[in-house]
Structure formats: structure tokens, C-alpha cells
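Novice: here is my input; please provide its structure:
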Amino acid sequence: MGAAQAVGRGLVEAGLAACVNLLPGMVSIYAWQGTVETADEIVFLAKTRAALAEAAMAAIRVAHPYEVPALVVLPIASAARAYGDWICGETEAG
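Specialist: Model (predicted):
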């Protein structure tokens with residue numbers, strides 16, 4: 001979890017995310033190179049603005065140990081205005 005914490009802190013310090021949540025204890029079962037693999041993983045959620053999503057993913061990709069990390073952007077249908085304002089205020093303009 002130390003590496004994930006370091007990456008998360010780096011995103012927040014660089015203004016690429018306002019907040020990062022780390023959820024340990026996830027078990028993934030996935031197909032990889034012709035076999036079925038099982039791995040203990042950490043869910044890494046970064047709260048950022050759409051304009052910074054690519055830069056945030058690039059920063060994660062550099063540090064991630066997987067050849068093909070699961071990096072996805074989920075659109076937000078709605079959020080509390082104050083929360084959205086906070087995210088915008090804590091992240092760089094991009």
C-alpha cells in the first residue's frame with residue numbers, strides 16, 4: 001500500500017487530484033496472456049476534473065507495476081456544488 005500512498009500523495013501535491021481514496025482488500029480475477037489470474041489489489045480512486053484526467057492517468061501509469069493497469073474515467077452525473085467547487089479549487093487549471 002506504500003506505493004499507492006506515494007502515488008496518491010504525488011497526485012494531490014501536483015494539483016492533479018483534490019483527493020485520493022485507497023481501498024485495500026480487493027481481489028481481482030482476470031484473464032492475462034492465456035491464463036486466469038487472481039491478485040490482491042488496491043482500489044485507487046482519484047477525484048479530479050475532466051481536463052486533468054489524462055495527466056493524472058499518465059502519472060499513475062509511470063508508477064504502476066502492471067503492464068496494463070485498469071485506468072478508467074467515470075463521468076459524474078451530479079455532485080454537491082460545494083464538493084465540485086472544492087475539487088476545482090484544489091486542482092490546477094490544466
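
Novice: any weak-confidence spans in this protein?
Specialist: For the chain, the stretches with pLDDT under 70 are 93-94.

Novice: quick one: the helices in the protein, in order.
Specialist: Along the chain, counting by DSSP state H, helices occupy 2-13, 53-63, 81-90.

Novice: of all those helices, which one is nearest Phe44?
Specialist: Between Phe44 and the helices of the chain, the tightest spacing by C-beta to C-beta is seen for helix 2-13, at 5.7 Å. Placement of C-beta: from N, CA and C, glycine included.

Novice: off-centre distance for that closest one?
Specialist: Centre-to-centre, helix 2-13 and its host chain are 10 Å apart (C-alpha atoms, centre = their mean, to the nearest Å).

Novice: packing partners for that helix?
Specialist: strand 19-32, strand 35-47, helix 53-63 (3 or more C-beta pairs under 8 Å, 6 or more residues apart in numbering; DSSP states H and E).

Novice: by contact count, what packs against the first one?
Specialist: Using 3+ C-beta pairs under 8 Å, 6+ apart as the contact criterion, the secondary-structure elements in contact with strand 19-32 are helix 2-13, strand 35-47.

Novice: and the angle for it with strand 35-47?
Specialist: 160 degrees (axes from the mean of the first three to the mean of the last three C-alpha atoms, to 10 degrees).

Novice: got the CA positions of strand 19-32 in PDB?
Specialist: Output of strand 19-32 as PDB, limited to C-alpha atoms (Å, rounded to 0.1, in the frame of the first residue of the first chain):
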ATOM      1  CA  CYS A  19      -8.400  13.700  -3.100                       C
ATOM      2  CA  VAL A  20      -7.300  10.100  -3.500                       C
ATOM      3  CA  ASN A  21      -9.000   7.200  -1.700                       C
ATOM      4  CA  LEU A  22      -7.200   3.800  -1.300                       C
ATOM      5  CA  LEU A  23      -9.400   0.800  -0.700                       C
ATOM      6  CA  PRO A  24      -7.200  -2.200   0.200                       C
ATOM      7  CA  GLY A  25      -8.500  -5.800   0.200                       C
ATOM      8  CA  MET A  26      -9.900  -6.100  -3.300                       C
ATOM      9  CA  VAL A  27      -9.400  -9.500  -5.000                       C
ATOM     10  CA  SER A  28      -9.300  -9.400  -8.800                       C
ATOM     11  CA  ILE A  29      -9.800 -12.400 -11.100                       C
ATOM     12  CA  TYR A  30      -8.800 -11.700 -14.600                       C
ATOM     13  CA  ALA A  31      -7.600 -13.200 -17.900                       C
ATOM     14  CA  TRP A  32      -4.000 -12.400 -18.700                       C
END
